[in-house]
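Engineer: Can you look at this prediction? I've put the sequence above it.
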Amino acid sequence: MISHLTLKAWYEPVSFSESLKRAFSALNLAFLLLTASFVFSEFRFDWFETSVGNYLASTNESRPETGAIWEAGKQSSSAHASLNQIISKKEESREHVLQASSFSSLAASILPGEWVTLEQQQFKALYLGLERSMAFKIIDPAQLIRLLNGGSLDRIFCEGIAGGIRIYFIDSDNRVIQRIDLKEQDLVEIETGEQPVPGRLDTMDGFQGRIYPVDQFFEALFTLPPDIVPDLMVDPQVLLKQEGKITHVGIWNEAQNGYIRLGFEFEAPGGHEVVFIKAREWAVWQLSLNMKGAQN
């Protein structure tokens with residue numbers, strides 16, 4: 001029979017003395033000495049920390065700073081907060097615009113520099129809510145009909161300006177086809193109408209040489225064709241509401257936006273007052289010719 005021998009791995013020592021020889025071999029002693037020297041030099045000279053520090057210093061410019069990252073994150077967060085605030089304010093302004101019942105409240109809803117889209121139907125509703133004479137001060141009705149029904153209008157924008165609003169009519173090519181500026185004074189006048197001014201016509205600039213007795217004015221007025229009279233008396237309600245008796249009528253010496261101001265001097269219980277209304281320029285010239293003919 002073949003005897004079975006116990007096989008051992010080649011690296012296993014066969015005896016205790018051989019194990020000691022292997023443990024204290026030249027290679028192991030050299031490795032131990034090298035490790036001890038490495039540890040001692042590190043404690044003595046701190047060369048590892050110095051090397052790491054030099055490396056970090058040399059690559060500092062290519063690495064983002066923690067503070068810069070934090071600052072960028074802070075700026076991004078602030079930008080998102082500001083954007084949300086802008087969107088919130090725009091939505092709030094939009095809601096106020098939709099609820100506006102007059103041009104004055106519309107102006108109060110938009111801050112200078114803000115832009116808000118105004119629906120055509122809402123603009124039409126605000127316009128139709130005015131008295132006829134007040135509506136003329138914003139835009140001629142015929143011009144508004146052309147804008148709203150002519151086919152070229154695409155949208156209406158409102159811009160808040162200092163002391164009022166600016167309304168843009170924009171076509172499909174993003175061009176402004178009509179612009180209306182409404183200042184605070186215009187808005188007050190539109191909402192309340194023109195108030196009587198104490199005094200006499202002959203003391204007011206702009207009427208000198210164009211002041212006529214009331215009888216002469218109405219005599220010349222009613223010699224004109226009947227269809228011209230409404231263009232001269234655009235807002236007769238203002239005159240009918242005034243107490244007292246008309247003594248003189250003055251014609252302003254300048255035209256503005258196709259209209260000329262007429263001044264009616266009243267002898268009221270509290271003294272003389274002047275009420276102003278606007279008349280179409282071409283109709284006033286027709287009236288002036290009749291009054292000059294009556295004087296001749």
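Structural biologist: That came in fine, so what should we check first?
Engineer: same for the strand or helix carrying Leu147, what does it pack against?
Structural biologist: Secondary-structure element containing Leu147, defined by DSSP states H and E: helix 141-149. With contacts defined as 3 or more CB pairs under 8 Å, 6 or more residues apart in numbering; DSSP states H and E, the packing partners of helix 141-149 are helix 120-128, strand 176-183. Yep, even glycine has a C-beta here, placed from its N, CA and C like the rest.
Engineer: For Leu98, find the nearest of the ones you listed.
Structural biologist: Each of the helices and strands packed on helix 141-149 has some distance to Leu98 by CB to CB; the shortest is helix 120-128, at 7.2 Å.
Engineer: what residues does the closest one touch?
Structural biologist: The contact list for helix 120-128 (CB atoms under 8 Å, 6 or more residues apart in numbering) reads 97-98, 100-103, 106, 135, 138-139, 144, 148, 153, 155-156, 167.
Engineer: what is the orientation angle of it with helix 141-149?
Structural biologist: For helix 120-128 against helix 141-149, the angle between stretch directions is 170 degrees (axes from the mean of the first three to the mean of the last three CA atoms, to 10 degrees).
Engineer: average pLDDT for the helix or strand just after helix 120-128?
Structural biologist: In the C-terminal direction, the helix or strand that comes right after helix 120-128 (DSSP H and E) is helix 132-138. When the per-residue pLDDT values of helix 132-138 are averaged, the result is 74.
Engineer: any residues touching helix 132-138, and which ones?
Structural biologist: The contact list for helix 132-138 (CB under 8 Å, 6+ apart) reads 103, 127-128, 130, 141, 180, 182, 186, 189-190, 193, 234-235, 237-238, 259, 277-278.
Engineer: do stretch 143-160 as well
Structural biologist: Counting by CB under 8 Å, 6+ apart, residues outside stretch 143-160 touching it are 97, 106-107, 110-120, 123-124, 127, 165-172, 174, 177-178.
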